[in-house]
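K.L.:
pasting a predicted model and its sequence here:
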Amino acid sequence: MADMYDSDEEELTIENDAVLTKYKTAGEISNLVMKAVINEVIPGASVIDICSFGDKMILDETAKHYKKDKQLKKGIAFPTCICVNEVVCHFSPLRSDPIVTIKEGDLVKIELGVHIDGYAGVVAHSLVVGSSAENPATGGLADAVLAAHHCAEAASGLSRLEIPTNRSLM
C-alpha cells in the first residue's frame with residue numbers, strides 16, 4: 001500500500017509560493033472587511049444589514065483579484081456573523097428572522113472569512129458598542145472581555161510550543 005505522503009506531485013503547503021500568496025490575499029481581504037464591518041457596528045444598526053454589508057464587501061473585494069483565472073473560486077469562506085451579548089457564535093440571520101438591533105453597551109462578536117481557491121483567511125473581533133479609550137467599558141462586562149483576551153493570549157502562547165504532528169509520529 002502506497003504511503004499518502006509519497007507522491008511526485010508538488011505538495012500544496014505554505015512552502016509553495018502560490019499557496020502562500022492565496023492565504024495572504026485572503027487574510028488581507030478578511031482584515032480589510034473586518035475593519036469596515038467594525039465601523040458599521042453602531043447603535044441602531046440591524047444585524048442582518050451588517051452581515052449583508054460584510055458578505056457583499058467580501059464578494060466585491062475578492063472579485064478584484066485573480067481576474068484572469070476564470071476557473072479559480074473565491075469569495076465567502078465563512079459568512080459574516082454578528083453575535084450580540086449572550087449569542088456565542090455563528091449568528092447570520094435570514095431576512096425572515098426577527099430583526100436584531102445593536103444597542104449601546106452591547107457586547108458584539110464579529111466573525112467572517114474569505115477564501116481564494118479554497119485557501120481561507122478567517123477573522124474574529126469582539127467589541128463593546130460605544131466603548132473607546134476615552135469611554136472604556138466597565139463592570140462585569142469589561143471583566144469578562146478582559147478575561148477572554150487574557151485566555152486568547154495564553155492560548156496563543158501555547159501554540160508557539162513545538163507540538164508533534166501526526167506526520168512526525170508515523
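P.N.:
Looks like it came in fine.

K.L.:
give me the neighbour count for D60.
P.N.:
When neighbours are defined as other CB atoms under 10 Å, D60 has 11 of them. C-beta coordinates here come from the backbone N, C-alpha and C atoms, glycine included.

K.L.:
for it, pull up the helix or strand it's in.
P.N.:
Per DSSP states H and E: D60 is located in helix 47-62.

K.L.:
which element, helix or strand, includes L141?
P.N.:
Counting by DSSP H and E, L141 is part of helix 139-159.

K.L.:
hmm, H125 is touching V33, no?
P.N.:
No: here H125 does not reach V33: they are 11.0 Å apart, not a contact under CB atoms under 8 Å.

K.L.:
more neighbours: which of the two?
P.N.:
Neighbours around H125 and V33, counted as other CB under 10 Å, are more numerous at V33. The numbers are 26 against 15.

K.L.:
how about that one: what's its closest non-neighbour residue?
P.N.:
Once flanking residues are discounted, V33 sits nearest to M57: 4.9 Å by CB to CB, 6 or more residues apart in numbering.

K.L.:
OK, contacts around that neighbour?
P.N.:
33, 36-37 (CB atoms under 8 Å, 6 or more residues apart in numbering).

K.L.:
name whatever forms a beta bridge with the most centrally placed residue in the chain.
P.N.:
Taking CA atoms, centre = their mean, the centroid of the chain lies closest to V123, which sits 2.1 Å from it. V123 has these beta-bridge partners by DSSP bridges: L112.

K.L.:
now the one 4 residues further on
P.N.:
L127 has these beta-bridge partners by DSSP bridges: V108.

K.L.:
tell me the contacts of G140?
P.N.:
Per CB under 8 Å, 6+ apart, neighbours of G140: none.

K.L.:
any idea how far the closest residue to P79 other than its chain neighbours is from K24?
P.N.:
Ranked by CB to CB, 6+ apart and with sequence neighbours excluded, the top spatial neighbour of P79 is S92, at 4.7 Å. According to CB to CB, to the nearest Å, S92 and K24 sit 26 Å apart.

K.L.:
out of the two, which sits in the more crowded spot?
P.N.:
Neighbours per residue (other CB under 10 Å) separate S92 from K24, with S92 holding more: 20 against 14.
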